[in-house]
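S.K.: let's see this in three dimensions:
(2 chains)
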Protein chains: 2
Amino acid sequence: MSILVVGSVALDSIQTPFGRVKEALGGTATYFSIAATLYAPVKLVGVVGTDFPQEHIDFLKERGVDLKGLQMARGKTFRWSARYDYDLGAAETLDTQLNVFASFHPQLPEEYRASNYVFLANIDPHLQLEVLEQVRNPRLVVLDTMNYWINYKKGALTEAMKAVDIVMINETEARQYAKTFSLVRATRKILSLGPRAVVVKKGEYGAAMFCANEDPRAAFFFAPAYPLEKISDPTGAGDSFAGGFMGYIAQQGDCSDECLKRAIVHGSVVASFAVEGFGVDRLRNLTREEIKGRYQEFKHFTHFEPLEA
Amino acid sequence: MSILVVGSVALDSIQTPFGRVKEALGGTATYFSIAATLYAPVKLVGVVGTDFPQEHIDFLKERGVDLKGLQMARGKTFRWSARYDYDLGAAETLDTQLNVFASFHPQLPEEYRASNYVFLANIDPHLQLEVLEQVRNPRLVVLDTMNYWINYKKGALTEAMKAVDIVMINETEARQYAKTFSLVRATRKILSLGPRAVVVKKGEYGAAMFCANEDPRAAFFFAPAYPLEKISDPTGAGDSFAGGFMGYIAQQGDCSDECLKRAIVHGSVVASFAVEGFGVDRLRNLTREEIKGRYQEFKHFTHFEPLEA
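M.R.: Here you go, the predicted structure:
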């Protein structure tokens, strides 16, 4: 049932046209964990500096996040500073201070090694591979990445992709990785490495899943993004999506394609709430009832009658 | 049952990374008619010059397009020349020669005036209003437009929007018209003018419908684009979509929201075939069986199980 995540725990400073926060709780593993704990317990592997506020530790623990795998290293916590323009499509990174993250190597506590569900958030693919060496027979491993690793560590990233069940990637990054504009061809190239599915995140255009399935009807699935009137802060949307996705799968204990489809909708629902608030604020008080309500709306938004027999 | 369309009939010269055509049959009313006649008869209102090839006239007539409303004026036919880059997202117009289209005024033959289903393709909104003055009690009127009319004839366009049932518009044009990045707000602004629905075309990201419905579950519908490996020529995708959409509605004789949703899927299916070939080539030999097959694929692509009771 429980989920292992490895990724960043950070202090984010964000500006959008609708507000700003300074040194707020952030990081890929953080967003993922807060989202996934709406469904199942999470074990977190990461690193913070000695300056990391105790209140964040307390909050994550209360939330059901196991922090035995969170190292505290001498030095400062990873900091990221970014700005979004009105289209809210892409963050402009203003500053990245890796700090203690620069020399991070994941160390899994013994009881983490038997985790069934593993999410390798966007970090150096060498570290993703180090985590995979430490886990024993997971049921489902999902990997996320970013343009930086495609540019500078493509070999290691390819090795990591070969070792996982699902690659989760942004649309532009899938095209960049495969060097083709065609998303169908790009995902086919990634599938040829071995994963059973590629989940493509398209931001405001929703999410698609391409599966290694010879039946074309079963090779593709699509869910739109929830039609939001206002987005406050898109930071963490992808990791919240991943948290809802993995959380639902772990909760159900079901890795079938049909469950993955429902998991994509859960990911879309959780991400739609995440971006309504600044940082992790909206996820803090998000309830399972709210998730269910929006899930049912998604069902209405995409339903049409089949052909007459 | 029959459909009235007013729009351009043109000779298009197109370059894409995958090929080129010179002075091929094109125009908004042409693409619309060829697509819609897969479902129901079409009456066309437009203009061509004396240089318009007879073979195109013969082809459209064989197809079931009534051309009594197609004027032949002294002079040359409307010509459009454009180029697409690898992303195939937006055409770069190289040349536009309005020719006989410059002084065109739609004249509806008497038997056209009782048409139930009216599509006002992308033309000067003053001409769209002239058509509406000539039709009697249509069941459903749909309007398309483009950035040019938003920039230069916004007042007339707004009057036309007030007079129709459905506004069909590109995503960027909806934002441009309403001067907001939020698509939810943009479509709400258009709905406030009176139409019962706004159908937003998002190209490779599919199509969405926003309805004037107080129940939020019934206020939004979304269909993805068919995941094509290769697009040869995106010209006419929007008008082919409109043709499949209106054609299906006219065939069914049903203007309910549920029928509009199925019509959006039909529009997406027809457009997905249209862009596989150059110009209207793929639409020429498209069969109803092929449409049904892809419709069923769409059903699979978007289906997920509802919440457990």
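
S.K.: which parts of chain A are strands?
M.R.: Taking DSSP state E to define them, one finds strands in chain A at A:3-6, A:10-16, A:19-26, A:42-49, A:65-73, A:79-83, A:92-97, A:117-120, A:140-144, A:166-170, A:197-201, A:207-211, A:220-223.

S.K.: can you add distance to chain B and give the ones you listed back as CSV?
M.R.: (Each C-beta comes from the backbone N, C-alpha and C, glycine too.) Below are these laid out as CSV (distance: least, C-beta to the nearest C-beta, whole Å):
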stretch, distance to chain B
strand A:3-6, 21
strand A:10-16, 12
strand A:19-26, 16
strand A:42-49, 23
strand A:65-73, 26
strand A:79-83, 16
strand A:92-97, 16
strand A:117-120, 20
strand A:140-144, 18
strand A:166-170, 14
strand A:197-201, 10
strand A:207-211, 7
strand A:220-223, 4
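
S.K.: those: which one's closest to B:D254?
M.R.: The closest of those to B:D254 is strand A:220-223. By C-beta to C-beta, the value is 25.7 Å.

S.K.: same for the closest one, what does it pack against?
M.R.: Counting by 3 or more C-beta pairs under 8 Å, 6 or more residues apart in numbering or on different chains; DSSP states H and E, the packing neighbours recorded for strand A:220-223 are strand A:207-211, helix A:257-274, helix B:288-302.

S.K.: quick one: contacts for the residue in the stretch 1-150 of chain A that chain B sits nearest to?
M.R.: Ranking the residues of the stretch 1-150 of chain A by distance to chain B (C-beta to the nearest C-beta) places A:Y86 first, at 5.2 Å. A:Y86 sits next to A:P17, B:F181 when contact means C-beta atoms under 8 Å, 6 or more residues apart in numbering or on different chains.

S.K.: from A:P17, how far out is it?
M.R.: Computed as C-beta to C-beta, to the nearest Å, the A:Y86 to A:P17 distance reads 5 Å.

S.K.: one more: A:P224?
M.R.: Going from A:P224 to A:P17 by C-beta to C-beta gives 24 Å.

S.K.: just send the strands of chain A back as TSV, with mean neighbour count and mean pLDDT too.
M.R.: Output for these, formatted as TSV (neighbours: other C-beta atoms under 10 Å in any protein chain shown; pLDDT from 0 to 100):
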stretch	mean neighbour count	mean pLDDT
strand A:3-6	28	98
strand A:10-16	23	95
strand A:19-26	17	94
strand A:42-49	25	98
strand A:65-73	18	98
strand A:79-83	18	95
strand A:92-97	12	92
strand A:117-120	28	98
strand A:140-144	23	98
strand A:166-170	26	97
strand A:197-201	24	98
strand A:207-211	23	98
strand A:220-223	24	98
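
S.K.: now distance to A:E289 too, for those, in a markdown table please.
M.R.: What follows is those, written out as a markdown table (distance: least, C-beta to C-beta, whole Å):
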| stretch | distance to A:E289 |
| --- | --- |
| strand A:3-6 | 22 |
| strand A:10-16 | 28 |
| strand A:19-26 | 24 |
| strand A:42-49 | 21 |
| strand A:65-73 | 22 |
| strand A:79-83 | 32 |
| strand A:92-97 | 36 |
| strand A:117-120 | 24 |
| strand A:140-144 | 26 |
| strand A:166-170 | 27 |
| strand A:197-201 | 26 |
| strand A:207-211 | 23 |
| strand A:220-223 | 20 |
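
S.K.: about what we covered before: please say which of A:P224 and A:P17 ends up with more neighbours.
M.R.: Set A:P224 next to A:P17 and count neighbours by other C-beta atoms under 10 Å in any protein chain shown: A:P224 wins out with 25 against 14.

S.K.: is it true that the more buried one touches B:M209?
M.R.: No. If you go by C-beta atoms under 8 Å, A:P224 and B:M209 don't touch, sitting 11.4 Å apart.

S.K.: can you list residues touching both of those two?
M.R.: When contacts are counted by C-beta under 8 Å, 6+ apart, A:P224 and B:M209 have B:F222 as shared neighbours.

S.K.: ok, the residue nearest the centre of chain A - contacts?
M.R.: Closest residue to the average C-alpha location of chain A: A:D239 at 2.8 Å, with C-alpha atoms, centre = their mean. A:D239 makes contact with A:G7, A:T28, A:A29, A:T30, A:Y31, A:F32, A:A35, A:A121, A:N122, A:D144, according to C-beta under 8 Å, 6+ apart.

S.K.: from A:L44, how far out is the residue nearest to it when sequence neighbours are not counted?
M.R.: Spatial nearest neighbour of A:D239, chain neighbours left out: A:Y31 (3.6 Å); criterion: C-beta to C-beta, 6 or more residues apart in numbering or on different chains. Distance check for A:Y31 against A:L44: by C-beta to C-beta, it reads 11 Å.

S.K.: how about A:G244?
M.R.: Here the criterion is C-beta to C-beta. By it, A:G244 lies 17 Å from A:L44.

S.K.: try A:S103
M.R.: With C-beta to C-beta as the criterion, A:S103 and A:L44 are 19 Å apart.

S.K.: likewise for A:Y152?
M.R.: 26 Å.

S.K.: you'd agree A:G244 is up against A:G267?
M.R.: Yes. If you go by C-beta under 8 Å, A:G244 and A:G267 touch, sitting 4.1 Å apart.

S.K.: who has more neighbours out of these two?
M.R.: Neighbour count, other C-beta under 10 Å: between A:G244 and A:G267, A:G244 has more, with 31 against 28.

S.K.: which residues touch the residue nearest to that one when sequence neighbours are not counted?
M.R.: Computed as C-beta to C-beta, 6+ apart, the closest residue to A:G244 that is not its neighbour in sequence is A:V270, at 3.2 Å. Applying C-beta under 8 Å, 6+ apart, we find A:V270 in contact with A:A35, A:L38, A:S240, A:F241, A:G243, A:G244, A:G247, A:L283, A:L286, A:I291.

S.K.: nearest to chain B among those residues?
M.R.: Closest to chain B, out of all of the contacts of A:V270 and judged by C-beta to the nearest C-beta, is A:I291, at 9.7 Å.

S.K.: give me the number of residues near the residue lying closest to that closest one once chain neighbours are set aside?
M.R.: Closest residue to A:I291 apart from its sequence neighbours, by C-beta to C-beta, 6+ apart: A:V269 at 5.4 Å. Residues contacting A:V269 under the criterion other C-beta under 10 Å number 26.

S.K.: tell me the pLDDT at A:A309?
M.R.: pLDDT recorded at A:A309 is 54.

S.K.: could you list the residues of the stretch 151-300 of chain A in contact with chain B?
M.R.: A:181-185, A:202, A:205-206, A:208, A:210, A:216-218, A:220-224, A:227-230, A:258, A:261-262, A:264-265, A:292, A:295-297, A:299-300 (C-beta under 8 Å from any C-beta of the partner chain).

S.K.: are any of the residues you listed buried, and which?
M.R.: Buried residues within those, defined by neighbour count using 16 or more other C-beta atoms under 10 Å in any protein chain shown: A:181-183, A:202, A:205-206, A:208, A:210, A:220-224, A:227, A:261-262, A:264-265, A:295, A:297, A:299.
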